[in-house]
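[1] I would like the atomic coordinates for the input below:
(one chain, ligands or ions: 1)
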Amino acid sequence: MLIDRQKAAEILTENDDFLIISHANPDGDTLGSAYGLCGILQGMGKRAKTICADEVAPRMEYLKKAVIPQEFEEKCIVTVDVADVKLLGALEEKYGDNIYLAIDHHESRKEFARYTVVDSTAAATCEMIFEIAQLMKAKLNSNIAACLYTGLSTDTGCFKYSNTTSRTHNIAASLIEYDFHHAELNYKLFDVKTRGRIDLEMRLMRDMEFFCNDKIALVTITSELMDEFQGRVDVEDFNGLASMPRQVEGVILGVTIKQKGENVFKVSMRSEEPITAAKLCSLFGGGGHARAAGCTINGNLEFVRAKLLPVLEKAVKSV
Ligand SMILES: [Mn+2]
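    Model (predicted):
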């Protein structure tokens, strides 16, 4: 059942013994929401704990400071930033059927909770958590504020994506009043990379290919390359590489081919107007957003390139 923030605030106020679940392969928003909300509920004298199918990245360990570890049997299960019960990962089987409240901001989502509060105009789930906390008249502190700020910052690419609104900035401003180290936090989240990641980026940039008068840039990540870098990079260092080809000025279609299995390749596209990434990916059975989309093509790398490149070149030449 869809509810508003006020009703969500009432549910959180009236219940106790909360388990708050983040989505698998967690990002700053789902973790910031979980640890932030957990801290808020504990501050209200309630018992609350948080869980995720996957590990918290070392650079986000500080989020845990908002919460005091507690042991108890959960009675009210809440998901944050989870658009589909499948995204609970390994926790789906145990908790999937028993979610009481889902708090989320994804536009396309599949209902799975008894009560759902969703606002796709919110830049981050953390925006909603902040507003619900206000409705509950909950007290924040610097650790909780750092959690909620993390979600705002990461889901907006440090306040530069088009989802950033005056509301996002107003909430960020309220949070900064709590006096945590926001500059250091953003430095760690956006500027610092592991030595392995830098080495990986150097290799990928060196081997980047260009087509159509440098309007298409292509990066290829094979299993062989991933094996070569194993031990030197974290698993998450292989994420977020799809934006790299489009950093090159003049590129209107950035493509990343990433090997997923012996004859399985995931293709990510980032485009600029008038190229529609979703349309191109749909030609290969994929989809996504207008400017960011993906598809999967089966076959060896040679086959995948032969199938993909003529289509991309034709699309770019026609503009
Ligand atoms: Mn989010």
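[2] Start and end of stretch 201-215, how far apart?
    20 Å (CA to CA, to the nearest Å).
[3] what's the distance between it and the middle of its chain?
    26 Å (CA atoms, centre = their mean, to the nearest Å).
[4] Quick check: buried residues in that stretch?
    204, 208, 211-212, 215 (16 or more other CB atoms under 10 Å). In short, each C-beta sits where N, CA and C put it, glycine included.
[5] next one: stretch 273-285
    275-278, 280-281, 284.
[6] do the same with stretch 298-305
    For stretch 298-305, by 16+ other CB under 10 Å, it's 304-305.
[7] next one: stretch 49-62
    Across stretch 49-62, burial judged by 16+ other CB under 10 Å covers 49-53, 56-57, 60, 62.
[8] out of the residues you listed, who's nearest V319?
    Distance to V319, by CB to CB, is smallest for A57 among the buried residues of stretch 49-62, at 38.6 Å.
[9] how near is that closest one to D29?
    According to CB to CB, to the nearest Å, A57 stands 13 Å off from D29.
[10] coming back round to it: which pair in the buried residues of stretch 201-215 spans the largest distance?
    Top of the distance list for the buried residues of stretch 201-215 (CB to CB): L204 and C212, 19.7 Å.
[11] So which of the buried residues of stretch 201-215 sit within strands?
    Taking DSSP state E as the definition of strands, these contribute F211.
[12] wait, what's in contact with the closest residue to the ion within the stretch 201-319 of the chain?
    With CB to the ion, the shortest gap between the stretch 201-319 of the chain and the ion falls at H289, namely 14.2 Å. By CB atoms under 8 Å, 6 or more residues apart in numbering, the contact list for H289 reads 277-278.
[13] R246: what secondary structure?
    Of the three states, R246 takes helix under DSSP: H, G, I helix; E, B strand; the rest coil.
[14] My read is that it contacts V255, right?
    No: counting by CB atoms under 8 Å, R246 does not reach V255; the two are 9.4 Å apart.
[15] Counting neighbours, go ahead and name the busier of those two.
    V255 (25 against 20; other CB atoms under 10 Å).
[16] That one in helix, strand or coil?
    strand.
[17] what sits against the residue lying closest to it once chain neighbours are set aside?
    Counting by CB to CB, 6 or more residues apart in numbering, V255 lies nearest to L218, which is 4.7 Å off, once chain neighbours are set aside. Contact analysis of L218 by CB under 8 Å, 6+ apart lists 208-211, 245, 255-257.
[18] One more: G299?
    For G299, the contact set (CB under 8 Å, 6+ apart) comprises 263, 265, 307.
[19] Same list, those, but as CSV with distance to S162 and secondary structure please.
    Listed next are the contacts of G299 as CSV, based on distance: CB to CB, whole Å; DSSP: H, G, I helix; E, B strand; the rest coil:
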residue, distance to S162, secondary structure
N263, 37, coil
F265, 29, strand
K307, 32, helix
